[in-house]
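J.: Got a sequence here, can you model it:
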Amino acid sequence: MQKKSKALLGLASAFIISSALPNLAKADQLTLCWAAWDPANALVELSKDFTAKTGTEMKFEFVPWTSYADRFLNELNSHGKLCDLIIGDSQWIGGSAENGHYVKLNDFFDKEGIKMDDFVPATVVGYSEWPKNTPNYWALPAMGDVVGWTYRKDWFERPELQKEFKAKYGHDLAAPKSYDELKQIAEFFQKREIDGKTVYGASIYTERGSEGITMGVTNVLYDWGFQYDNPDKPYEMEGFVNSPDAVKGLEFYKALYDCCTPPGSSNVYMVESADAFKSGQVAMQMNFAFTWPGLYKDEKVGGDKIGFFPNPAEKKHFAQLGGQGISVVSYSDKKDAALQYIKWFAQPEVQAKWWQLGGYSCLKSVVNAPDFASSQPYAQAFLDSMAIVKDFWAEPSYATLLQDMQKRVHNYVVAGNGTAQEALDGLVKDWTEVFKDDGKI
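T.: Residues are numbered from 1 along each chain as shown. Coordinates of the predicted model:
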C-alpha cells in the first residue's frame, strides 16, 4: 500500500471449472508482478502446475515491499507492458478501475462460472470490488491477510510468571481479549529479565515512510469507535474521524508505544516487528498473518514457544485488512492467456494447495473445510481475524489520504507533537481538502 502522491497513483459453493482447462489461449510466457515475500515464493511453486498443464512458462517480477507500490503504480500509470498479471494491494482497486489499468472481470467470471459468493465476503469487498459494495469486479481474491498478534507462549506458561501476574492483575496470564489486557501484559514484561536477557512488552507498527503506522494504529482506532465517515453521508468526516472515542483510541496507541516497546522502535513495520520477535526481544508482536508460517517454523521462537491471537476488542472489534487480489493488466498483449491463469488459480484444488504451500486462500471451500482450523497452529487465529476485518480508504486518491494519516499520526504517537485531538482534527482538514479536490464534497 505504499505511494507518494495522488498524481503517482493516477488511480489508485464450488467452482464450475474443468481442471483440464480446455481451449486455453496460448502464450509462451506470462509475467506476474507482486511483492517479494514468502507467499510469492509459494506462488512460484504452485504455478509450476499451471505450466505443466498449459505449457505456458511463468515469469515473476517481485520487488521488496519498500518499493512495491512505487514500482508497480509507476508501471501502471505509464501503461507499461511488463506485467500481464498483477497482485496489487487492496487500496489500488479504486484508482486502477477508474483509470483503466485493470480488466473488468464480470463477463469472464460469468462465462467461466466463477462465483464471487464462493469467496469470503470481506475479501471480495476488500480486494475485488469498485465501487465498494457493488457487483463490479476487477480482481480475484488471491492472498487473504490481516493484522493479528503472536506471543511467547513459553513465557506466558511459566508458573512463576503466571503466579506473579495473577497476583498483580487478578486474572490469568493468557492471550488478551481486550486492549486493556494487552497493555497489562506489555507492562508486565517491559524490561523484565528472562533467561538472563532484558525483554520488552510489545512490538507495534510505527513506520512513517510508507503505510506502517497507519496499518497499526487503525486496529486500535477501529476498536475505540473511529469511523472514516458518516455511514449515512459519505465523505462527512467531522465527528467520526475525530470523535471523542477515536481520540481515546489514538491516545491509547501512544501510551502503548511510550510504555512498552523496545528501544529504537520509532520506525517499525513488518520486517522489524518480526525481527523483534525472532530475536527474543518482545513478549508480543503485531504483524500481518503472512508472517505466521515463517515464525512458527523458526527454531528459536516457533513451534511450542509461539502462540497466535486475533486483534483484541474494546468497544468494538475489528482488525486491519491486508492482502491482495490478482488482476489482469489491461495493457498486456496476453490478456486472454492471463485470464486463463486466473481461471486455473480459482479452482478449489489449486486453492487448497495454495494454503498448504503457505498462501492464504480466500475460497470458502478451503477456509470452511472441517479440518481447516486444525490444519495449522495459526489457522484458527486467521479465521477469527478475517471475520472482523476493516480496510483503509480504497479511493483513487488513497495515496494522498494515506500520507496525510501517516504524517498526522506519526507526529503525535512517535514524535510527541501536540495532542491526539489536534492530530485527528488536522486529519479531517487534510482529507476534506482531498475530497474537495476530487469533487466529492
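J.: and residue 147, that's in a strand?
T.: Yes: according to DSSP: H, G, I helix; E, B strand; the rest coil, residue 147 belongs to a strand.
J.: you'd agree it is up against residue 287?
T.: Yes: Residue 147 is within contact range of residue 287, at 7.1 Å (criterion: C-beta atoms under 8 Å). From N, CA and C alone the C-beta is placed, and that goes for glycine too.
J.: Looking at the two now, which is surrounded by more residues?
T.: residue 287 (27 against 23; other C-beta atoms under 10 Å).
J.: That one belongs to a helix?
T.: No: remark: residue 287 does not belong to a helix; assigned using three-state DSSP, it is strand.
J.: Make 520 the starting number, not 1.
T.: Sounds good: first residue 520 from here, last item residue 806.
J.: what's the nearest residue to it once chain neighbours are set aside in contact with, if anything?
T.: In space, and not counting its chain neighbours, residue 806 is closest to residue 792: 4.9 Å by C-beta to C-beta, 6 or more residues apart in numbering. Residue 792 makes contacts with 722-724, 804-806, 810, as judged by C-beta atoms under 8 Å, 6 or more residues apart in numbering.
J.: For PyMOL, write the selection for the buried entries among the residues you listed.
T.: A single PyMOL command is used to select the members of the contacts of residue 792 judged buried by 16 or more other C-beta atoms under 10 Å:
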select buried, resi 722+723+724+804+805+806+810
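J.: which one of the contacts of residue 792 sits closest to residue 831?
T.: Here the nearest of these to residue 831, counting by C-beta to C-beta, is residue 805; it sits at 10.6 Å.
J.: Could you double-check that that closest one sits in contact with residue 665?
T.: No: with contact defined as C-beta under 8 Å, residue 805 and residue 665 do not form a contacting pair (11.4 Å).
J.: Point to the helix or strand of the protein where mean pLDDT is at its lowest.
T.: Ranked by mean pLDDT, DSSP states H and E, the weakest helix or strand in the chain is helix 525-528, scoring a mean of 35.
J.: From residue 848, how far off is the residue nearest to residue 806?
T.: Going from residue 792 to residue 848 by C-beta to C-beta, to the nearest Å gives 32 Å.
J.: same check, this time on residue 591
T.: From residue 591 to residue 848 the distance is 10 Å (C-beta to C-beta).
J.: Likewise for residue 742?
T.: 37 Å.
J.: Among the two, which residue is more densely surrounded?
T.: Set side by side, residue 742 and residue 848 give different neighbour counts by other C-beta under 10 Å, the larger being at residue 848 (27 against 24).
J.: so that one sits right up against residue 595, yeah?
T.: Yes: because the distance of 7.1 Å satisfies C-beta under 8 Å, residue 848 is recorded as touching residue 595.
J.: Tell me the residues that contact both of the two, please.
T.: Common contact partners of residue 848 and residue 595 (C-beta under 8 Å, 6+ apart): 605, 620.
J.: Where does pLDDT dip in the protein?
T.: 520-545 (pLDDT under 70).
J.: Now do the same for the residue most central in space within it: helix, strand or coil?
T.: Averaging the C-alpha coordinates of the chain gives a centre point, and the residue nearest to it by C-alpha atoms, centre = their mean is residue 841 (1.4 Å). Judged by three-state DSSP, the three-state class of residue 841 is strand.
J.: Show the contacting residues for it.
T.: If you count contacts by C-beta under 8 Å, 6+ apart, then residue 841 has 609, 664-666, 734, 807-809 around it.
J.: PyMOL command for the buried members of the residues you listed?
T.: Per 16+ other C-beta under 10 Å, the buried members of those correspond to this PyMOL selection:
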select buried, resi 609+664+665+666+734+807+808+809
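J.: out of the contacts of residue 841, which one sits closest to residue 751?
T.: Out of these, the member with the shortest distance to residue 751 (by C-beta to C-beta) is residue 609, at 24.3 Å.
J.: excluding its backbone neighbours, what's nearest the closest one?
T.: The shortest distance from residue 609 to any residue that is not its chain neighbour, by C-beta to C-beta, 6+ apart, is 4.8 Å, and that residue is residue 645.
J.: do residue 883 as well
T.: Among residues not flanking residue 883 along the chain, residue 637 sits closest, at 5.6 Å (C-beta to C-beta, 6+ apart).
J.: can you pull out the strands in the stretch 770-919 of the chain?
T.: Per DSSP state E, counting those that start in this stretch, the stretch 770-919 of the chain has strands spanning 801-807, 825-829, 838-847, 908-909. These are given in chain order.
J.: so what does the first one touch, helix or strand wise?
T.: To tie it back to what came earlier, the one meant is strand 801-807. Applying 3 or more C-beta pairs under 8 Å, 6 or more residues apart in numbering; DSSP states H and E, one finds that strand 801-807 makes contact with strand 659-671, helix 698-708, strand 716-722, helix 731-743, helix 789-797.
J.: ok, that strand: who's next to it in the sheet?
T.: Neighbouring strands of strand 801-807 in its sheet, by DSSP bridges, are strand 659-671 (antiparallel), strand 716-722 (parallel).
J.: go on, the third one?
T.: For strand 838-847, the pairing partners within the sheet under DSSP bridges are strand 604-608 (antiparallel), strand 659-671 (antiparallel), strand 908-909 (parallel).
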